[in-house]
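Student: Here you go, sequence then predicted model.
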Amino acid sequence: MSRMLSTLSKFGVVVLALGTAAVMAQAQYPNRPVRIVVPYGPGSGTDILARTLAEPLGQALGQPIVVENKAGANSMLGTDIVAKAAPDGYTLGLATNAGLAASPGGLSQSVPYDAERDLAYITRVASVSFVLLVNNKLAVNSPRELIDYVKANPGKLSYASGNTGGIAYMGYLKRAYELDITHVPYKSTPSALVDLMSGQVEVMMADVASSTPRIRAGQLKALGVAADQRSPLLPEVPTLDESGVANVPDMSGWWALVGPAGMPAGIADRLNREFVEILGREDVREKMLRSGLVATPSTREQAARYQQDQLEVWSALVRDLGLQAQ
């Protein structure tokens, strides 16, 4: 009996020591550089956003923030690195709707992680709206006019897509209004916009950030923004709902700060507080807005719930539109 008590006592000491070490690790966090994995290449919108936030985050945490670009597989490569990292708060990811909702929702084959179980959601970071664009030569000036024009000219027009959002929004409109219009997929939004301006394609749904300079230069016509409210970058352009195209699902581009599942709550809470404060700063918000991004700080719970809602939206969209997994 005394031997058993002695063993139990030693076990209790070990458990207490491990618990104390964990608490001390959280209290000392961070005591070395923190890396943010960007699942896209240098110079991408996600990369620019990460580097915009890295400097104030480093100041807040008192440690250098290292941005690592791990592009590939529609952002799944970089997101998977975060999912499989040690859950100690030293590897974070600036993940996007592509890796957190679109691909897991069925747009990609063999997703190597579970977006709900394998990741810890720290905060939403930013969002970008999409805008319906047409070539200047097309004689339409509103979404309804475009729909009527396509119906009057079945099979004669084509639309470009440069990313998952462009595929989803135009796919939805094509199905909802039974439009006979040809899809021309591009590897990137910039190349698709070039062909839209030249008339190789006539229609496109593109993100506001990429489109605004070309709209301002008079190179393209903006018909409607796919959002609940008008874009602060394009306040003169009505929403699709205002234009009579209602009930379009939210398929905007968005970013979330994530870490590996199992991160200590104390560390996740600290990161949430710091990021929410940074995203609330006027200078940061203005800098993001110049890139077409709207800051969307949130609680950890709100970030996780938004990912779940978006996963349902994309799963239904992939199923209903018959989109093929890449």
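Tutor: Cool, got the structure.
Student: any chance you could map the helices in the stretch 201-326 of the chain?
Tutor: Per DSSP state H, counting those that start in this stretch, the stretch 201-326 of the chain carries helices over the ranges 208-216, 265-279, 282-290, 300-321.
Student: Which one of those helices lies nearest to residue 225?
Tutor: helix 208-216 (6.9 Å; C-beta to C-beta). In this view, the C-beta of every residue, glycine as well, is placed from N, C-alpha and C.
Student: coming back round to it: nearest to residue 248, out of the helices of the stretch 201-326 of the chain?
Tutor: helix 300-321 (11.0 Å).
Student: could you point out the longest strand in this protein?
Tutor: Counting residues, the longest strand in the chain under DSSP state E turns out to be strand 119-128.
Student: what's that one packed up against?
Tutor: Packing partners of strand 119-128 (3 or more C-beta pairs under 8 Å, 6 or more residues apart in numbering; DSSP states H and E): helix 45-61, helix 76-83, strand 91-96, strand 253-260, helix 265-279, strand 294-295, helix 300-321.
Student: Would it be right to say that residue 200 lies in a helix?
Tutor: No - Residue 200: not assigned to a helix; according to DSSP: H, G, I helix; E, B strand; the rest coil it is coil.
Student: Can you report how many residues lie near it?
Tutor: The local packing of residue 200 (other C-beta atoms under 10 Å) involves 13 other residues.
Student: ok, now residue 41?
Tutor: 12.
Student: Return the per-residue confidence for the nearest residue to residue 210 once chain neighbours are set aside.
Tutor: Once flanking residues are discounted, residue 210 sits nearest to residue 189: 4.9 Å by C-beta to C-beta, 6 or more residues apart in numbering. For residue 189, the pLDDT comes out at 87.
Student: do residue 15 as well
Tutor: 45.
Student: Distance check, the closest residue to residue 139 other than its chain neighbours against residue 122.
Tutor: In this structure, residue 139 finds its nearest non-sequential neighbour in residue 149, 7.4 Å apart by C-beta to C-beta, 6+ apart. Separation of residue 149 from residue 122 (C-beta to C-beta, to the nearest Å) stands at 45 Å.
Student: For stretch 149-167, list every residue counted as buried.
Tutor: Of the residues in stretch 149-167, 149-150, 157-167 count as buried by neighbour count, 16 or more other C-beta atoms under 10 Å.
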